[in-house]
Every structure is written in structure tokens, then in C-alpha cells.
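Enquirer: Sequence and predicted structure are below.
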Amino acid sequence: EGLSFMELDNMLTSLRVYYNNEGNKPKKRRSALWSLLVVIIIAIVVTIGVVQGIGYYEKSGGSVQEHLNSASENWAKNIFTVTCHNIRDYTQDKHRRVDDTPYSERQGMLMQCEPIYNCYKSVTAGKAKPHVIYMSPQGKTLTQKRAKELSQLDSIFILCGHYEGVDSRVIDEIVDEEISVGDYVLTGGELPALVLVDCVVRMLDGTLSQADCYEDESHYNGLLEYPQYTRPEVWHDREVPKVLLSGNHAEIAKWRREEAVKATYLKRPELLERSPLTEKDLAIIHKLEEKEDKK
Ligand code: SAH
């Protein structure tokens, strides 16, 4: 459990550096041991506010909160807010327990409804209902398309499970959507939540310097990205494709499209079934198929 918070902290720090390419120096981080000792469970609530100009991050008591917030401070240029809530702060149990054994007689522990529900109620009190996502290996796998759609929402509440998961009744009661980060099982929903946050946030206006940065990227238009090159022009006898040095924009655009189709055909052919292809794209694919047949 502690480990996942170290990971979380590292990731938050690297996201912060990534989004603040102006180069804010990361703050001194607390020791790993400290984080190992502290935290057990949290739910991450992400409030993505496209409320320009009043970006801030909420600081409220509790060591987990402080820890995560110190790492997430100045995250992205005042475009969104992330607030973490420790579900243990919402239990009535005097030992701050939030889990119990499953009725199915399975081994392991399950998170109980009430603390999660209390947390949800408290966080959303007096506010418009957020879109509630439960990070779960049973959800639909996250896609670029879904991330783009989610980036249009004003606020998202992300519930992270732990242990064996969460009592189904609270999922039925508050969750709008389950999202998975892939067909494998992790210890908790925190890392998946960060994956989701990162993916959604970089789609927000103003996060990346130009929409260009993501519009040509893999998965945005159903294709993988074409290969990229930077200086020097020759490295280990490998040359940058001539067309890229030509300055001919039309030719470069044509080259990019061809290479994107090629990369997708060679690496993830199943994606082509769902991507909108032009006659020219199909001709490229046809050529590649012929080449393979000859082999
Ligand atoms: N027993 C559950 C798995 C629990 S894993 C099952 O078989 O479905 C514990 C928690 O980790 C989950 O509640 C979920 O929040 C998170 N988690 C694990 N794997 C995940 C994945 N692939 N995507 C998103 N969240 C995941």
C-alpha cells in the first residue's frame, strides 16, 4: 500500500514537471519512508475546472492530502484542480476501518459502502453532481476518444478501490461509469486514476502548447503516429528522411499520413478496422499487403 503512494508521489512529481515546462523546480520531496508509514487508502477526487484564471489546488488537512498536494502543487498552469480525499476520514469506526470480509466467503477484504458514500456526499455537497468514475478492471478500457470526451466535463469524481475491491451496492448507487486501464489487475485504483487524470488533462485547452501536439499523436485519429526525428541529420549512418528537410509542407503532410498508415498496419493492424481511411490510405495498405505476399 505504501509503495503505491511512493509511486503516486513520483508520478505526480513527473506530471508536474511535464505540465510546467517553464521549468519550476520540484520541491524537496518527503522521504519514501515517511510515505510508507502514512497512508493506507484514498479516493482521488479530481475536479477538472476549465475555470480559467482561478486555478488553484485545495489544501485541506490530513497527511495524505498534504503529501499529495505538495507533489501536485502548480501542476498545470491554473487549468485544473485535483483534490485527494482519504476515505478513512469518512468512517464512523473508531479504528478508522473502511473494509470488511466479503459475504462470498472469499479471502481478502472489501471496501464498505458507507465510508465511500459519506465521502462522496461530503465532497459533492452543494455542488453540481460530478461525473463519477470507478477505476476498475471490469470497466471499459480507457481510450483516447473517451479521454477527449471526459475533458469536456466540468468535474469528475474518481473512486479508487483497494483490497478485493468495493461493495457492489455503492457502485450501483453512485457510479456513472467504470474505467479500466487494461486487462490486468493492480493493487489499487490510485495509479489507474493518475493515468486517467494525465490522459484527460492533457486534452484540456492550454495544457499543451498546441493542439497539434496531440492531434497527430497515436490513437487520436485512429492511427499511430508517424516516426519522428530531431537533430542531428545523420546519426550512426542513419539519415532523417529527405522529405522532412525539404520544407515542402504538402509533401511533408503526405509523408506523415503515409507513415502513420504504415506504422499502424505494421504494429497494430486491428486499429485500421475502426479508423476512417481514404482511398489513398487504402492504396498504401494494399501495397504493403502485396509486399508481404511476396515475402
Ligand atoms: N477483485 C477485483 C479486483 C480488485 S483490485 C476484481 O477481480 O475485479 C483492487 C482495486 O484496484 C480495484 O477496486 C480497482 O479500483 C483497482 N484496479 C485494479 N486493476 C485495475 C485496472 N486494470 N484498471 C483500473 N483499476 C484497477
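Expert: Right, received. Where do you want to start?
Enquirer: Which residue ranges of the stretch 51-200 of the chain form strands?
Expert: Ranges of strands within the stretch 51-200 of the chain are 81-85, 99-100, 110-111, 131-141, 156-160, 177-180, based on DSSP state E, counting those that start in this stretch.
Enquirer: can you tell me which of those the model trusts least?
Expert: For the strands of the stretch 51-200 of the chain, the weakest mean pLDDT is recorded on strand 81-85, namely a mean of 86.
Enquirer: Near the ligand, which residues of the stretch 151-295 of the chain? Just list them.
Expert: Within the stretch 151-295 of the chain, the positions adjacent to the ligand are 160-162, 164-166, 180-182, 184-186, 188-189, 192 by CB under 6 Å from any ligand atom. (Glycine included, C-beta is placed from N, CA and C.)
Enquirer: Return the member of the residues you listed nearest to residue 277.
Expert: For these, the residue nearest residue 277 by CB to CB is residue 182; the value is 26.3 Å.
Enquirer: Relative to residue 208, which of the strands of the stretch 51-200 of the chain is closest?
Expert: strand 81-85 (17.6 Å).
Enquirer: packing partners for the closest one?
Expert: With contacts taken as 3 or more CB pairs under 8 Å, 6 or more residues apart in numbering; DSSP states H and E, strand 81-85 sits against strand 43-47, helix 63-72, helix 113-124.
Enquirer: how about low-confidence regions in the stretch 151-295 of the chain?
Expert: 209 (pLDDT under 70).
Enquirer: of the residues of the stretch 151-295 of the chain next to the ligand, closest to residue 119?
Expert: Distances from residue 119 to those, taken by CB to CB, are shortest for residue 160, at 11.1 Å.
Enquirer: Leaving out chain neighbours, which residue sits closest to whatever residue of the chain ends up closest to the ligand?
Expert: Nearest residue of the chain to the ligand: residue 161, at 2.0 Å (CB to the nearest ligand atom). Residue nearest to residue 161 in three dimensions, not counting chain neighbours: residue 189, with 4.9 Å by CB to CB, 6 or more residues apart in numbering.
Enquirer: again, but for residue 188
Expert: residue 162 (4.4 Å).
Enquirer: and that neighbour, how far is that from residue 108?
Expert: 10 Å (CB to CB, to the nearest Å).
Enquirer: If you count surrounding residues, which of those two has more?
Expert: More neighbours surround residue 162 than the other of residue 162 and residue 108, with 23 against 10 (other CB atoms under 10 Å).
Enquirer: Wait, the more buried one touches residue 186, no?
Expert: No - shown here, residue 162 and residue 186 do not form a contact pair, counting by CB atoms under 8 Å, at 10.0 Å.
Enquirer: what's the burial count for residue 290?
Expert: Applying other CB under 10 Å, we find 9 residues neighbouring residue 290.
Enquirer: what about the helix or strand where it lies, distance to the chain center?
Expert: Per DSSP states H and E: residue 290 is located in helix 279-294. Distance of helix 279-294 from the chain centroid (CA atoms, centre = their mean, to the nearest Å) equals 35 Å.
Enquirer: Ok, stretch 92-105 next?
Expert: That offset, for stretch 92-105, works out to 29 Å (CA atoms, centre = their mean).
Enquirer: Does it reach the ligand?
Expert: No - on the criterion CB under 6 Å from any ligand atom, stretch 92-105 is out of touch with the ligand, staying 9.3 Å away.
Enquirer: can you offset everything so residue one is 47?
Expert: All set: I'll call the first residue 47, so the last point we hit is now stretch 138-151.
Enquirer: got the CA positions of that stretch in PDB?
Expert: What follows is stretch 138-151, C-alpha atoms only, in PDB (Å, rounded to 0.1, in the frame of the first residue of the first chain):
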ATOM      1  CA  GLN A 138     -17.600   6.200  11.800                       C
ATOM      2  CA  ASP A 139     -15.500   3.300  13.000                       C
ATOM      3  CA  LYS A 140     -13.300   4.200  16.000                       C
ATOM      4  CA  HIS A 141     -10.300   2.300  14.500                       C
ATOM      5  CA  ARG A 142     -10.900   4.200  11.200                       C
ATOM      6  CA  ARG A 143     -11.700   0.900   9.400                       C
ATOM      7  CA  VAL A 144     -13.200   1.100   6.000                       C
ATOM      8  CA  ASP A 145     -13.100  -2.600   5.000                       C
ATOM      9  CA  ASP A 146     -14.700  -5.900   6.000                       C
ATOM     10  CA  THR A 147     -14.700  -9.500   4.800                       C
ATOM     11  CA  PRO A 148     -16.800 -10.400   1.800                       C
ATOM     12  CA  TYR A 149     -20.100 -12.400   2.200                       C
ATOM     13  CA  SER A 150     -19.000 -14.700  -0.600                       C
ATOM     14  CA  GLU A 151     -16.500 -16.400   1.800                       C
END
